[in-house]
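Student: model this:
(2 chains)
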Amino acid sequence: MKLLTLALTYLKQTFSSRSVLIFSLLMPLLFTVVLGFAMQGMGPDDSPRQWTLLLADEDRSPLSAALTRQLEDDPALEVVRVPDGELASRVDAGEAPAGLLVPDGFGAALLDGQSFEVHLYRSAKQVMDAQVVEESVQAALASVEGILDTREIAAHTLQNLGMPIPAESLEDAAHLWETEAPLEVRAAPVTRLKGTQIPIGAAQSSPGMAVMYVLFLTIGGGSTLLVERERGTLRRLLVMPLHKATLVGGKLLGIYLSALAQLALLILFGRFALGVNWGQSPAALTLMVLAYAFAATALGILVAALARTSAQADGLSTLTVMALSALGGAWWPIEIVPPWMQSLAKALPTYWGMQGFQDIISRGLGVSAVLPEAGILLGFGALFLGIELWRFRWE
Amino acid sequence: MRLTSIALKDILTRFRDRRALLYMLVAPLLIALIMGAAFSGQNNGDSPIYAIPVAVVNADEGDLGQTFVDVLTDIAVDTAEGKQPLFALTALDDPQAARAGVESGDFRGALILPPNFSAALQSLDAPRARIRLLTDPTARISPFILESVVRRIALGFESAALGGQLAVTQATTAARQGPALAALPEALAAVQADFAVADAARQRIRLESRVMGVTQEFDIMGYFMPSMAIFFLMFAMFAGTRSILEEEKQGTLPRLMTTPTHPSEILLGKIGGTLLTGLLQMAVLVLVSGLVFGVQWGAPSGVALLSLGTVTAAAGLGALVAAFARDDNQAGILGTFISLAFAVLGGNFLPARNLPPWLDGLSKLTLNRWALDGFIALSLDAAPLSAVWPNIAVLFGLGAVFFLLALPGFRRRFVR
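Tutor: Numbers count the residues shown, from 1 in each chain, chains lettered A, B, ... in the order given. Okay, the predicted model is just below:
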């Protein structure tokens, strides 16, 4: 009973404070929206992601036209033709991640059996996107090579047989590719979501900012313990007929409940304002929210236990929260960081929070899939609590 | 004289305060370092992504499937760690296991070669073979890379098959019948074998790929270090100007007022101290990141003037908040709010280039955006001072406007 009263008092104090409302609700919402846009593609979107490729075709031959067609057929590319002289400067200006220059003589040289060089200009400011575009360009070039190879194999064979090579052999080869290609490649994401409603930017920023900002709230909560110690109210409370465990338990419960409330509000906003697929499995989501809030609460009090003063805890909080979020994959998809950092991330609760939430949002999975993540988070929480009980000074 | 002693006292207090140092110097360096490490693959135009974990299920009943996997294994890219394989392949027998592996996040993708893979390539009358790729929906980049590489390799295999088909058609049309046709299978096999052997070396269209706009070694820290410097500078500037209100609350300000020091001197001393603190903070960050992390900040005159402009604008904004806030508590909340909101809008966390026009417009209202764009021009583009004059002018302009707006607030507050 006393425990609950203490918890509710804390909860009421926390959410009646305007600064808490601003920093634990308004700010994460702003971050979710802006970072979602910065990562491109907000809201439910059925169209697959596209990258712009600037194209300058100086050659204007049937073969360069075939290359252009291959590029335009690639669903990942949006091909924008630019006048010959402008390509480099427009890539340099950051208009697109990359630009392709097909110099004059391309078709003639290749039909003559010679090799030829085309040029790809990549933007220094969009290297990651440029890598995707470069792979797509390579694939289109390979298609054109395929047509040339086909034509050449036939030509060599006919030559060896002493037969004439038909004039339209390039067209024939291209036609054969269109009708008789022996292989097809089908790619599909592994997800149990109905339809392909995967909002690209917000599906990262909505769980990411929830994972990050709940830590600000819990560490802030932990440092109120220090404030009370500094003011002496903790000592005063301790002389009352209250068990130490009740006192800390009440505080802990209060912080935990406030974290749950914050997560719930951020998730509701993501679901209804941004269309993020949070509602896939309510049971799995509940489990993950309970587990992550527990780990976050324990971490909040741990920072308090390790800090000597509340001022020190405040100073540590920004650094701790930012580092944990960046390393754990809350700021950007973890796939883009080097392999060693992906391994390092697995030692952090933020990583497991993100994985569990992504299982629900993007992979469309249910309770059994998030059990490992939830279990690991509970383990983190228990570990943090253990360290606290050992380290916290009461007076 | 009294003005300078007030300013100096403030600077000393700040640089002696360990918590302030954590904010001002340690945090920006550390966070920028983490960000830089996360994106370290992107330096010098190397491929940022490599060793992508992919499961391979080769169910092919012929031999060509294994050849396909071998080609995929051998693909390497230039990375910051030297030449590295693009994919880290794991062979599995069961497509279901591969799917489960992708679903659990162990693999970014799975490649499944069907039983009729070789058969489809060896006879065009056989049904088409479908190569399946399963990809991780939480990944943004790797699935696209996997798909285009697999498509490219598939094309190489198809060329030989289709070339044979074309040869047969053309020879049949040309010769109708006769002794030449009888020699066709042998002649074709010889040519196809030739092609297969020479395949890798005989790439006729070469793609020469270069990174634009880099006149010095490209270093992603040239974006992250200024970003974090600006972000944490804002905190320090708000804290500095807020100290006026703290002194008011603690009663040290009224006590100062009773001395023959004019209020404007006190105010100028406090603001001067804040400005100098900010300049010192920027100077230390530029020097330490340059010496320890090797960050190239660019033209020194440009860096100095931009830093001065950024410090002026940020301190001005801090003064404005201090002038009109109810008390130091409110000023603190407002300052943190502005620091965070401006940072995310101004592109200090992720580059602002993908923002839609309305957000981009908002972004350009922040001093962070003007400062960051300037610093990036100097560092990443190695632009000369002349390229960032507009940014410097805007920052000083903002600073001037903020201080002017703050004046009436301070006057009402202190001159009674």
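
Student: strands of the chain, start to end?
Tutor: No chain was given, so I picked chain A. A:51-57, A:77-81, A:98-102, A:116-123, A:183-189 (DSSP state E).

Student: hmm, I had chain B in mind actually
Tutor: B:52-58, B:76-79, B:82-85, B:87-92, B:109-113, B:129-135, B:205-212.

Student: any chance of those strands in JSON lines with mean neighbour count, distance to residue B:26 and mean pLDDT as columns?
Tutor: C-beta coordinates here come from the backbone N, C-alpha and C atoms, glycine included. Shown next, in JSON lines, are the strands of chain B (neighbours: other C-beta atoms under 10 Å in any protein chain shown; distance: least, C-beta to C-beta, whole Å; pLDDT from 0 to 100):
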{"stretch": "strand B:52-58", "mean neighbour count": "22", "distance to residue B:26": "35", "mean pLDDT": "94"}
{"stretch": "strand B:76-79", "mean neighbour count": "16", "distance to residue B:26": "30", "mean pLDDT": "78"}
{"stretch": "strand B:82-85", "mean neighbour count": "12", "distance to residue B:26": "32", "mean pLDDT": "84"}
{"stretch": "strand B:87-92", "mean neighbour count": "17", "distance to residue B:26": "36", "mean pLDDT": "93"}
{"stretch": "strand B:109-113", "mean neighbour count": "25", "distance to residue B:26": "40", "mean pLDDT": "94"}
{"stretch": "strand B:129-135", "mean neighbour count": "21", "distance to residue B:26": "40", "mean pLDDT": "92"}
{"stretch": "strand B:205-212", "mean neighbour count": "16", "distance to residue B:26": "33", "mean pLDDT": "73"}
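
Student: make CSV from the ones you listed and add distance to residue B:412 to it.
Tutor: As requested, the strands of chain B are arranged in CSV below (distance: least, C-beta to C-beta, whole Å):
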stretch, distance to residue B:412
strand B:52-58, 62
strand B:76-79, 60
strand B:82-85, 64
strand B:87-92, 66
strand B:109-113, 65
strand B:129-135, 63
strand B:205-212, 54
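
Student: reformat these as JSON lines; add distance to chain A.
Tutor: Converted to JSON lines, the strands of chain B look like this (distance: least, C-beta to the nearest C-beta, whole Å):
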{"stretch": "strand B:52-58", "distance to chain A": "8"}
{"stretch": "strand B:76-79", "distance to chain A": "8"}
{"stretch": "strand B:82-85", "distance to chain A": "9"}
{"stretch": "strand B:87-92", "distance to chain A": "8"}
{"stretch": "strand B:109-113", "distance to chain A": "8"}
{"stretch": "strand B:129-135", "distance to chain A": "4"}
{"stretch": "strand B:205-212", "distance to chain A": "4"}
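
Student: circling back: most packed of the strands of chain A?
Tutor: A comparison of the strands of chain A by mean neighbour count, using mean count of other C-beta atoms under 10 Å in any protein chain shown, puts strand A:98-102 on top with a mean of 26.

Student: tell me which stretches of the stretch 201-350 of chain B form helices.
Tutor: All helices of the stretch 201-350 of chain B, identified by DSSP state H, counting those that start in this stretch, fall at B:221-250, B:252-258, B:263-292, B:300-324, B:328-345.

Student: other SSEs contacting the third one?
Tutor: Same thing as helix B:263-292. helix B:2-16, helix B:27-38, helix B:221-250, helix B:252-258, helix B:300-324, helix B:389-414 (3 or more C-beta pairs under 8 Å, 6 or more residues apart in numbering or on different chains; DSSP states H and E).

Student: let's have these in CSV, adding mean pLDDT and mean neighbour count.
Tutor: CSV is the format used below for these (pLDDT from 0 to 100; neighbours: other C-beta atoms under 10 Å in any protein chain shown):
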stretch, mean pLDDT, mean neighbour count
helix B:2-16, 82, 16
helix B:27-38, 86, 21
helix B:221-250, 89, 25
helix B:252-258, 74, 13
helix B:300-324, 95, 24
helix B:389-414, 92, 17
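
Student: which one of the ones you listed lies nearest to residue A:119?
Tutor: Among the helices and strands packed on helix B:263-292, helix B:221-250 comes nearest to residue A:119, with 25.4 Å by C-beta to C-beta.

Student: tell me if I'm right that residue A:120 and residue A:102 touch.
Tutor: No - when contacts are counted by C-beta atoms under 8 Å, residue A:120 is not listed as touching residue A:102 (10.4 Å).

Student: re the thing from before, tabulate the strands of chain A (CSV), appending mean pLDDT and distance to residue B:120.
Tutor: Shown next, in CSV, are these (pLDDT from 0 to 100; distance: least, C-beta to C-beta, whole Å):
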stretch, mean pLDDT, distance to residue B:120
strand A:51-57, 92, 31
strand A:77-81, 92, 27
strand A:98-102, 93, 32
strand A:116-123, 89, 31
strand A:183-189, 82, 7
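
Student: now do the domain split for the chain, please.
Tutor: Since no chain was named, I'll use chain A. Here the domain parsing of chain A from automatic domain parsing is A:2-43+A:208-391, A:51-180.

Student: I was thinking of chain B, sorry if that wasn't clear
Tutor: According to automatic domain parsing, the ranges for chain B are B:2-39+B:220-414, B:49-198.

Student: now the one residue in chain A that gets nearest to chain B. Nearest residue, chain neighbours left out?
Tutor: For chain A, the residue closest to chain B is residue A:153, as judged by C-beta to the nearest C-beta, at 2.6 Å. Among residues not flanking residue A:153 along the chain, residue B:163 sits closest, at 2.6 Å (C-beta to C-beta, 6 or more residues apart in numbering or on different chains).

Student: so for the one you found, what's the pLDDT?
Tutor: pLDDT, residue B:163: 84.

Student: and if you look at residue B:45?
Tutor: For residue B:45, pLDDT reads 51.

Student: any idea how far residue B:288 is from chain A?
Tutor: Going from residue B:288 to chain A by C-beta to the nearest C-beta, to the nearest Å gives 16 Å.

Student: once you drop chain neighbours, what's closest to that residue?
Tutor: residue B:29 (6.4 Å).

Student: hmm, that neighbour is touching residue B:286, no?
Tutor: No - applying C-beta under 8 Å as the test, residue B:29 and residue B:286 come out as separate, 11.1 Å apart.

Student: can you tell me how far the closest residue to residue B:270 other than its chain neighbours is from chain A?
Tutor: Ranked by C-beta to C-beta, 6+ apart and with sequence neighbours excluded, the top spatial neighbour of residue B:270 is residue B:244, at 5.1 Å. Distance, residue B:244 to chain A, by C-beta to the nearest C-beta: 19 Å.

Student: residues touching residue B:244, list them.
Tutor: Applying C-beta atoms under 8 Å, 6 or more residues apart in numbering or on different chains to residue B:244 gives the contacts B:253, B:267, B:270, B:322.

Student: list the residues that contact the third one.
Tutor: If a contact means C-beta under 8 Å, 6+ apart, then residue B:270 has B:6-7, B:10, B:240-241, B:243-244 as its contacts.

Student: contacts only, for the residue of the stretch 151-300 of chain B found nearest chain A.
Tutor: Residue nearest to chain A within the stretch 151-300 of chain B: residue B:163 (2.6 Å; C-beta to the nearest C-beta). Contacts for residue B:163 (C-beta under 8 Å, 6+ apart) come out as A:149-154, A:157, A:173, B:191-192, B:195.

Student: what about these, which are in helices?
Tutor: The helices, defined by DSSP state H, take in A:149-154, A:157, A:173, B:191-192, B:195 from the contacts of residue B:163.

Student: count of neighbours near residue B:260?
Tutor: Residues contacting residue B:260 under the criterion other C-beta atoms under 10 Å in any protein chain shown number 6.

Student: now do it, the pLDDT please.
Tutor: So residue B:260 comes in at 75 (pLDDT).

Student: same deal with residue A:393?
Tutor: Confidence score, pLDDT, at residue A:393: 65.

Student: ok, now residue A:234?
Tutor: 67.
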